[in-house]
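Engineer: here you go, sequence then predicted model.
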Amino acid sequence: MAIASADFRELRLDRMSRNFGAHNALKEISLTVQRGEFIALLGPSGCGKSTALNCLAGLLSLSEGAIWLDDKRIDTLKSEQRGFGMVFQNYALFPHMDVRRNVGFGLQMQGVSKAETERRVDEALNVVRLTTQGAKLPGQLSGGQQQRVAIARAIAVEPPLVLMDEPLSNLDAKLRLEMRAEIRRIHRLLGSATIYVTHDQDEALSLADRIVVLRDGEVRQIGTPQDLYRRPLHSDVAEFMGFRNALAGKVVRREAGEVEVDCGFAGPLRGQPVDLAGDGPVTVAIRPSDLVPMSDGALDAEVTGMEYRGEAYFGTATGPAGQEMFFRSETPLGVGEAVRLGVPADRTLVYASGGEQ
Ligand SMILES: Nc1ncnc2c1ncn2[C@@H]1O[C@H](COP(=O)(O)OP(=O)(O)OP(=O)(O)O)[C@@H](O)[C@H]1O
């Protein structure tokens, strides 16, 4: 028999809140996670990601709200009674125990029989492809192998939910990519739900079925990686998702599904209205990789910097009213050179300024 995951339908966070004194670190987070889903909690430092994960794990109590696993309320249960698997950034392995004892630790705590523990340790090590390393101490393993041991320990208890807090941030770039694929593979194999905290949008995009973007303890958007990448609903989410150009302007023409915005350049910019209401000032959001030199581009600017990044050059430029821009170029341009930059209208998103309601 293989490693399984506990049977359940859904995990439901109902207005989950957590205060530290007067500080509201989590404000009424509501979310339903289906069995089999991979959810990334994404957001900048201090947005409440780890607090949310620790509340789920039972390491922190809720100030208000509730957590349900199907029709069982679990936020009132102690951490060990929830039986979730946890994987942390620093692995948190016991240095004096060999790999097998580390992996079997949770099972031993649960009072699982010796024979069953041995079986599940074998299976978990098999899943993370470490069957030959069982007798080693953590210190004799590489970072990636140690993180695999931590994953094996988390899944050996056959949890309904696996919680991961930035598990790859201590690994080098190559290993991070390898482990991403591994984590996804293991998630599929188990069929449990995974909630994965990260501040790295690439990691969230590549791993998750759905991404929950947090800011200041609040959910800003929940969506598929494609939703989040193509059409962030608010300008702050757009900025976080890599729309580094944020140009202030005013709508001068409206058509069905498209607007023209005057941002103080030679010509107006055409874009997609995302979060527009009224006639107030707007912010135009563009990814640097979509803003490129073109002879009939609407944005006239002067190059202020140029950097080679292998796949292309990335530059900075300033517009006539001092607008700061980040763009991509196939060829290098000299600092001080005049350039016209352009972007397709369907890659240009328009938001009401201060649209953070
Ligand atoms: N034990 C605590 N006491 C007081 N404030 C706390 C405590 N833990 C977290 N906070 C505050 O709650 C907010 C959210 O913190 P949290 O660690 O959840 O953020 P995060 O998104 O995980 O950040 P990072 O990516 O830097 O780990 C922060 O403002 C933090 O200072």
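Structural biologist: Now that the structure is in, tell me what you want to look at. Numbers count the residues shown, from 1 in each chain.
Engineer: how about the residues of the stretch 101-250 of the chain near the ligand?
Structural biologist: Neighbours of the ligand within the stretch 101-250 of the chain, by C-beta under 6 Å from any ligand atom: H199. Using the backbone N, CA and C atoms, a C-beta is placed for each residue, glycine as well.
Engineer: where does the closest residue to L175 other than its chain neighbours land in three-state SS?
Structural biologist: Of all residues beyond its chain neighbours, the one nearest L175 is G144 (4.5 Å), with distances taken as C-beta to C-beta, 6 or more residues apart in numbering. The three-state assignment at G144 reads helix, by DSSP: H, G, I helix; E, B strand; the rest coil.
Engineer: is the spatially closest residue to M241 that is not a sequence neighbour part of a helix or strand, or is it coil?
Structural biologist: Among residues not flanking M241 along the chain, P232 sits closest, at 5.1 Å (C-beta to C-beta, 6+ apart). For P232, the secondary-structure state derived from three-state DSSP is coil.
Engineer: quick thing: my sequence starts at 636, can you match it?
Structural biologist: Noted, 636 is the first residue going forward, which turns the last one into P867.
Engineer: so how far is the ligand from P867?
Structural biologist: Per C-beta to the nearest ligand atom, to the nearest Å, P867 is found 18 Å from the ligand.
Engineer: contacting residues for that residue?
Structural biologist: Q856, A873, F875, M876, F878, V909, A920, L984 (C-beta atoms under 8 Å, 6 or more residues apart in numbering).
Engineer: got the contact list for the last one?
Structural biologist: Same thing as L984. By C-beta under 8 Å, 6+ apart, the neighbours of L984 are R866, P867, A873, F878, G906, Q907, V909, V919, A920, I921.
Engineer: which residues touch the third one?
Structural biologist: A873 makes contact with P867, A881, V909, A920, L984, Y986 under the criterion C-beta under 8 Å, 6+ apart.
Engineer: part of a helix, is it?
Structural biologist: Yes - when three-state DSSP is applied, A873 is found to be in a helix.
Engineer: whichever of the contacts of P867 end up buried, select them in PyMOL.
Structural biologist: Buried residues within the contacts of P867, by 16 or more other C-beta atoms under 10 Å, are selected in PyMOL with:
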select buried, resi 856+873+875+876+878+909+920+984
